[in-house]
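[1] sequence below, structure please.
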Amino acid sequence: MTEETKYLPGLKLREITLKVPLNHLEPEGRQIDIFARVATHEDGEKKPYLVFFQGGPGSEDPRPSLYPDTNPNWLERVLQDYQVVLLDQRGTGRSTPVYATTDRGALAGLDPQGQAEYLSHLRADEIVNDAEAVRQYLGVQQWVSLGQSFGGFTTLRYLSTHPESLAGAIITGGLTAVGHPIEDIYAATWQIMLEKTEAYYRQFPGDRKKVARVAQLCAAGKLRLPSGEALSLARWRNIGSRLGAQGGDLWLHNLLDHEALSAVFSHDLADALPFTGRNPIYSVLHESCYADGVSTRWAAQRTMPAAVRDDPTRFAGEHISHAIFTEDRELANLAAAADVLATHEWPKLYQPENLKAAQVPVAAVAYFHDAFVPLEYSLETAALLPQCRLWVTSEYEHNGLRRDTRVIDRLIKLLQGKITQ
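    Have a look, this model is predicted:
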């Protein structure tokens with residue numbers, strides 16, 4: 001265990017590193033580092049704690065700053081009421097990171113079976129165990145959880161297994177399906193992406209022709225990234241994930257304003273592709289987020305509708321395909337491990353009866369047009385939670401928490417009972 005105190009303008013930061021088991025069921029087994037940063041106003045150390053669970057999976061927590069227009073823009077508002085614990089989820093940031101280049105980092109020296117075994121311990125269940133270790137280290141009896149997207153999935157796991165540790169929970173775009181087959185979840189997200197694609201072309205009708213040309217270049221192996229890699233149609237389709245975020249439609253339109261073979265197009269596209277070696281966990285464990293007691297078997301690929309498969313102008317969202325692991329030079333290092341994980345029988349993440357019994361105040365927002373967490377499932381899951389105050393809105397997309405501080409302000413007031421809806 002190590003701890004260090006630092007200061008930034010307006011902030012006091014406690015940086016904590018703990019040793020925890022890779023597998024909490026084997027406490028004497030391999031140990032890993034878990035890093036957490038506690039951010040407070042310099043006069044805020046008597047406020048209750050709130051732990052933030054990042055979206056993803058596979059992204060480190062945002063680095064704190066109170067400068068205008070910086071991420072996380074919600075931090076200033078939350079610090080009015082809480083001390084904020086920013087946890088680098090295992091495998092990310094300073095928490096024994098996983099790299100796609102397997103000659104270093106946590107996966108160094110492991111064969112594909114060993115890599116898959118290690119990666120299988122990086123899901124929400126173990127993240128919650130890590131959070132419990134941090135909570136106990138801080139000497140906190142209860143704290144509030146704030147979960148964005150996958151962080152909301154993690155909060156649901158927390159509510160399933162350790163509700164006694166939560167004084168409350170805030171969930172933004174993260175009320176995922178509970179008790180539904182993974183195929184049904186992906187079928188629903190494919191349908192939403194079809195609708196978002198057609199809405200995009202209604203807004204920018206001239207772009208369908210441009211996208212068709214990009215698809216032709218991909219098919220011919222002529223569209224290359226700055227790394228020299230040829231971009232396939234499967235990888236290009238995933239740029240549609242931008243349509244799930246506020247402002248993403250205009251971003252895509254502006255990208256297509258550039259010549260497809262230009263350096264600007266190539267660089268901007270490479271920076272925006274969702275599945276890359278920057279966050280390998282996001283690729284290799286993405287489907288496991290929805291695996292509640294089942295194997296995934298490349299579910300997104302298996303459930304791709306013919307309407308998408310047969311029309312190269314239609315986009316995918318967060319739909320991982322096997323091709324990405326053969327085409328991306330960094331992710332190719334994990335291709336064999338990804339195949340092992342696709343057949344892995346994952347343990348259950350959620351216990352519906354426990355969720356129904358969790359007497360924890362919850363404030364949640366569900367986005368009406370959410371491309372990644374379908375509204376129909378969010379409504380079902382909210383109904384399981386006996387003290388859930390749900391706000392459904394079409395004003396924001398999946399990234400609403402980062403877009404507008406009014407989102408977190410309203411949810412804090414909902415949680416605290418200062419407003420009722």
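[2] low-confidence ranges in the stretch 101-250 of the chain?
    Applying pLDDT under 70 to the stretch 101-250 of the chain picks out no residues at all.
[3] 90 instead?
    Residue ranges of the stretch 101-250 of the chain with pLDDT under 90: 101-104.
[4] which residues in it form helices?
    Counting by DSSP state H, counting those that start in this stretch, the stretch 101-250 of the chain has helices at residues 112-119, 124-138, 150-161, 182-203, 207-219, 233-237, 248-256.
[5] right, so of those, which gets closest to Gly10?
    Closest to Gly10 of those, according to CB to CB: helix 124-138, at 21.6 Å. (Glycine included, C-beta is placed from N, CA and C.)
[6] residues touching the nearest residue to Val340 once chain neighbours are set aside, list them.
    For Val340, ignoring the flanking residues on the chain, the nearest one in space by CB to CB, 6 or more residues apart in numbering is Ala116 at 3.8 Å. By CB atoms under 8 Å, 6 or more residues apart in numbering, the residues touching Ala116 are 337-338, 340-341, 344.
[7] please flag which of those residues sit within helices.
    Among those, DSSP state H puts 337-338, 340-341 in helices.
[8] out of the helices of the stretch 101-250 of the chain, which gets nearest to Pro305?
    Closest of the helices of the stretch 101-250 of the chain to Pro305 is helix 182-203, at 5.4 Å (criterion: CB to CB).
[9] between that closest one and helix 248-256, how big is the angle?
    Helix 182-203 runs at 60 degrees relative to helix 248-256, counting by axes from the mean of the first three to the mean of the last three CA atoms, to 10 degrees.
[10] got the CA positions of helix 182-203 in CSV?
    Listed next in CSV are the C-alpha coordinates belonging to helix 182-203 (Å, rounded to 0.1, in the frame of the first residue of the first chain):
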residue,chain,number,x,y,z
ILE,A,182,-27.1,-11.8,-25.1
GLU,A,183,-28.4,-12.4,-28.6
ASP,A,184,-31.6,-10.4,-27.7
ILE,A,185,-29.5,-7.5,-26.4
TYR,A,186,-27.4,-7.3,-29.5
ALA,A,187,-30.4,-7.7,-31.8
ALA,A,188,-31.9,-4.6,-30.1
THR,A,189,-28.8,-2.5,-30.5
TRP,A,190,-28.5,-3.5,-34.1
GLN,A,191,-32.1,-2.3,-34.7
ILE,A,192,-31.3,1.0,-32.9
MET,A,193,-28.2,1.5,-35.1
LEU,A,194,-30.3,0.9,-38.2
GLU,A,195,-32.7,3.6,-37.1
LYS,A,196,-29.8,6.0,-36.3
THR,A,197,-28.2,5.3,-39.6
GLU,A,198,-31.4,6.1,-41.6
ALA,A,199,-31.9,9.2,-39.4
TYR,A,200,-28.4,10.3,-40.3
TYR,A,201,-29.0,10.0,-44.0
ARG,A,202,-32.3,11.9,-43.7
GLN,A,203,-30.3,14.7,-42.1
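[11] packing partners of that helix?
    helix 207-219, helix 248-256, helix 299-302, helix 306-309, helix 375-384 (3 or more CB pairs under 8 Å, 6 or more residues apart in numbering; DSSP states H and E).
[12] and these, which is most packed in?
    Sort the helices and strands packed on helix 182-203 by mean neighbour count, taking mean count of other CB atoms under 10 Å, and helix 299-302 sits at the top with a mean of 20.
[13] give me the residues contacting that helix.
    Outside helix 299-302, the residues within contact range by CB under 8 Å, 6+ apart are 182-183, 185-186, 190, 287, 290, 316, 318-322.
[14] what's the residue nearest the centre of the chain in contact with, if anything?
    Residue closest to the average C-alpha location in the chain (CA atoms, centre = their mean): Gly56, at 1.8 Å. Gly56 sits next to 89, 92, 149-151, 279, 281-282 when contact means CB under 8 Å, 6+ apart.
[15] would you mind checking those residues for buried ones?
    Neighbour counting with 16 or more other CB atoms under 10 Å marks 89, 92, 149-151, 279, 281-282 as buried within those.
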